[in-house]
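A.B. asks: sequence unknown, structure follows:
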């Protein structure tokens, strides 16, 4: 299995581009807010229980996908300081243990674009950060500086192209099969 690990700051378009990659490839999209929203219903963000269960769920899904017949999985991720560095190492280990590989794709855009994208209906629907002031404060305090991400196979500027174009760039750049193509 190939785990396409889309990562970047809030507002860089990970979920939107991930949906387009899923549409092009037929692979499933496991975006991080599926787990975050589930756990926020019970635990405060950043609590010990939240952190441990979030990583346990993410890793369990990766392992189940890696042992299944699935050729690939798309995952979205915002590096932020409540995620332990060991999560990235465990992700690599679990996927490799089952003969797969993780492909790191960094999504980025200029700060002004991030701020313009911050408060949208879709972001609100997924309980994502919508406050520019909160984003600026977290960024200033270094909240997005860890965990330290591995060098990406690709970097995609989402301000310079549409989500569909960014997805096509990733599919082509990583040599992902299009829906209906043999693996």
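C.D. replies: Cool, the structure landed. Just so it is clear, the structure is predicted and the values come from calculations on it, not from any experiment.

A.B. asks: Please make it C-alpha for all contacts and neighbour counts, starting now.
C.D. replies: Noted.

A.B. asks: Low-confidence stretches in this structure?
C.D. replies: Regions of the chain meeting the criterion pLDDT under 70 cover residues 120, 123-127, 129, 180-183.

A.B. asks: And the closest residue to residue 80 other than its chain neighbours, how far from residue 81?
C.D. replies: Among residues not flanking residue 80 along the chain, residue 144 sits closest, at 4.2 Å (C-alpha to C-alpha, 6 or more residues apart in numbering). Per C-alpha to C-alpha, to the nearest Å, residue 144 is found 6 Å from residue 81.

A.B. asks: more crowded one of those two?
C.D. replies: Between residue 144 and residue 81, residue 144 has the larger neighbour count (other C-alpha atoms under 10 Å), namely 20 against 16.

A.B. asks: where's the more buried one, which helix or strand?
C.D. replies: Under DSSP states H and E, no helix or strand contains residue 144.

A.B. asks: so it makes contact with residue 9?
C.D. replies: Yes. With contact defined as C-alpha atoms under 8 Å, residue 144 reaches residue 9; the gap is 7.2 Å.

A.B. asks: quick one: residue 8 from residue 106, how far?
C.D. replies: 6 Å.

A.B. asks: Which residues does residue 108 form beta bridges with?
C.D. replies: Bridge pairing for residue 108 (DSSP bridges) gives the partners residue 157.

A.B. asks: can you tell me which helix in the protein is longest?
C.D. replies: Assignment by DSSP state H gives helix 48-67 as the longest helix of the chain.

A.B. asks: the strands in this structure, which residues?
C.D. replies: Under the criterion DSSP state E, strands of the chain are mapped to 2-7, 28-31, 72-77, 101-108, 154-157.

A.B. asks: The fourth one versus strand 2-7: what angle between them?
C.D. replies: Here strand 101-108 runs at an angle of 20 degrees relative to strand 2-7 (axes from the mean of the first three to the mean of the last three C-alpha atoms, to 10 degrees).

A.B. asks: partner residues bridging the residue nearest the centre of the chain?
C.D. replies: Centroid-nearest residue in the chain, with C-alpha atoms, centre = their mean: residue 76, separated by 1.3 Å. Beta-bridge pairing for residue 76 (DSSP bridges): residue 6, residue 31.

A.B. asks: is it true that it touches residue 34?
C.D. replies: No. At 10.2 Å, residue 76 does not count as touching residue 34 under the criterion of C-alpha under 8 Å.

A.B. asks: With adjacent residues omitted, what lies nearest to residue 151?
C.D. replies: The nearest residue in space to residue 151 (C-alpha to C-alpha, 6+ apart) is residue 104, at 7.3 Å.

A.B. asks: Same question for residue 113.
C.D. replies: Using C-alpha to C-alpha, 6+ apart and skipping residues adjacent in sequence, the residue nearest residue 113 is residue 159, 6.8 Å away.
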